[in-house]
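Novice: how would this look folded up:
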Amino acid sequence: MNAPQISQNYSDLPPVLHAPAELLPVAEPQLAIANDKLAAALGISRDWLHGEEALKLLSGSAPAAHGQPLAMAYAGHQFGGFNASLGDGRAMLLGDVMGVDGQIYELHLKGTGRTTFSRGADGRATLSAMLREYIISEAMAALSVPTTRSLAVVSTGERVWRQRPEQGAVLTRVAKSHVRVGTFQYLAVRSQVDAIRALMEHEIARHMPGVSGSRAFLAEVIARQAKLIAQWMSFGFIHGVMNTDNMQIAGETIDYGPCAFMDMFHPQKVFSSIDENGRYAFDKQPVIALWNCTRLAECLLPLLDDDKATAIKMAEAELMNFMPQFEKEFERRMLAKLGISDVAQVEFITQTIMEMANSRLDFTQFFTSLTRGEDVAMPDAWKQKRNGLLASDAQALMAAHNPVYIARNHRVEEALAAAGEGNLLPLHRLLLAVQQPFIARAELAELEKAPGPQEEVLQTFCGT
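Specialist: Below you'll find the predicted structure:
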């Protein structure tokens, strides 16, 4: 059996960035779901992943051979308000594994109990919230959106109290990095300039070949975030909680709390139950991502130049690139979804978005219908204009950019409700669809459909 060969390298960074995480054995660990394909990509055998040793390690009940797991420190702007001391309040970093692709990945456990950073909370997680992250992160990966992944969910045999008692669970998250904008903020607010430099160099060495120096580092983070947000929005995805502690430096989607894929299109759509002012609405995501990148730039000022005014000008010059980079990627993707390759036709995107909102169309079904050549509820003038703009390879463009299946909210909730009763079949059926989202299958036809009026999920919750 091939067990993960874990090494703990984050401990080499300055001690201000981490604290030892205490192992807290759970009552009765059982494997709820395992990602065999991801395990193979990490050089981990299926036999190990489904065995007793994995249960102990991935429930946080037993140490890895390499030793001490860590809780990572970070700060964060949460809905605009700054908290200088957040950190892994219910999680621990097991360490690094080398994937078969030669990339280093981190194994991180969520729901393992109290740490130095728990601030009075229980440090546990619910089975429903961890399975939700598993489903949606796998759906994002299948859409080729950079994302953290889920290796396994282990139920703990314990009750976790939220609005009601729920089953407890631990998720094993796999990521290129768990360093966030908030990690740099944690150091900046403490004037830890040497630690900021060490953390930056750590991230560059692991994820950014060819990048050298603080300005190039900032530029790379900005470019990755601009592209990521464009990818989200081209699939109707709303993250829901774009706090600076939820923006990962390596450019992957992280923390699937109150997130969702839109059903009926509305540019100002909000899903998070606590986003009362619409800070993280669908159309606000580029602005918020730029705002978050600006907070990172502030942390890097001492590294950019000794003269603060010069450093600010350098940071501003890089931040000015965010919107053009986002717009270029978003426009390219949206035109491809429409079957258009002429990048000069950006005004047609605006027209399409307005008509979609006016007609209250389902975001994903609208583009699926276009791909299939079906009639859509749009004005004749719009249809005629689009017909005149179609590329010679329109069908291939649309087929590559318009998924048949997304992790629709009502289907996710159905799967989670069934899982809570011990029935995992709806969950596996949903995964079967979203892990191959561009391939229509007759036996999964009902998973294409938009929710009916009584099925629509209007709010999602963070699950913490």
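Novice: can you list the domain ranges for the protein.
Specialist: Each domain of the chain is listed here as a residue range: 10-175, 330-401, per automatic domain parsing.
Novice: export the longest strand seen in the chain as CSV, just CAs?
Specialist: When the chain is parsed with DSSP state E, its longest strand is strand 149-161. Listed next in CSV are the C-alpha coordinates belonging to strand 149-161 (Å, rounded to 0.1, in the frame of the first residue of the first chain):
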residue,chain,number,x,y,z
ARG,A,149,-9.5,19.6,-4.0
SER,A,150,-11.0,17.2,-1.5
LEU,A,151,-9.3,13.9,-0.9
ALA,A,152,-11.7,12.4,1.7
VAL,A,153,-14.4,13.1,4.2
VAL,A,154,-14.3,11.1,7.4
SER,A,155,-17.4,11.1,9.7
THR,A,156,-16.4,11.3,13.3
GLY,A,157,-19.2,9.6,15.1
GLU,A,158,-19.7,12.8,17.2
ARG,A,159,-22.4,15.4,17.2
VAL,A,160,-21.7,19.0,16.3
TRP,A,161,-24.0,21.7,17.5
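Novice: picking up where we left off before, dump the domains of the chain into TSV; add distance to residue 315 and mean neighbour count as well.
Specialist: No exception for glycine: its C-beta is placed from N, CA and C like everyone else's. TSV is the format used below for those (distance: least, C-beta to C-beta, whole Å; neighbours: other C-beta atoms under 10 Å):
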stretch	distance to residue 315	mean neighbour count
domain 10-175	17	20
domain 330-401	24	16
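Novice: Now do stretch 111-122, average pLDDT.
Specialist: In this model, stretch 111-122 has an average pLDDT of 87.
Novice: repeat for stretch 289-296
Specialist: With pLDDT averaged residue by residue, stretch 289-296 scores 98.
Novice: helices and strands around the helix or strand following the longest strand of the chain, which ones?
Specialist: Next in sequence after strand 149-161, counting helices and strands by DSSP states H and E, comes strand 165-175. Other helices and strands packing on strand 165-175, by 3 or more C-beta pairs under 8 Å, 6 or more residues apart in numbering; DSSP states H and E, are strand 104-110, strand 125-126, helix 127-142, strand 149-161.
Novice: which stretch in the domains of the chain is the model least sure about?
Specialist: Comparing the domains of the chain by mean pLDDT, the weakest confidence falls on domain 10-175, with a mean of 93.
Novice: mind listing the strands for this protein?
Specialist: For the chain, applying DSSP E gives strands covering 18-20, 30-34, 70-72, 76-78, 81-83, 91-98, 104-110, 125-126, 149-161, 165-175, 237-238, 260-261.
Novice: And the domains of the chain: which comes nearest residue 230?
Specialist: Between residue 230 and the domains of the chain, the shortest gap by C-beta to C-beta is with domain 330-401, which sits at 4.0 Å.
Novice: Might you quantify the distance of the closest one from its chain's geometric centre?
Specialist: The chain centre lies 26 Å from the centre of domain 330-401; the measure is C-alpha atoms, centre = their mean, to the nearest Å.
Novice: okay, now the closest residue to residue 409 other than its chain neighbours: neighbour count?
Specialist: If the residues on either side of it in the chain are set aside, residue 409 comes closest to residue 457, at 3.6 Å by C-beta to C-beta, 6 or more residues apart in numbering. Here the count is done by other C-beta atoms under 10 Å, and residue 457 has 16 residues near it.
Novice: Next one: residue 457 relative to residue 448, how far apart?
Specialist: Taking C-beta to C-beta, to the nearest Å as the measure, residue 457 and residue 448 are separated by 17 Å.
Novice: same check, this time on residue 112
Specialist: Spatial separation of residue 112 from residue 448 under the definition C-beta to C-beta is 37 Å.
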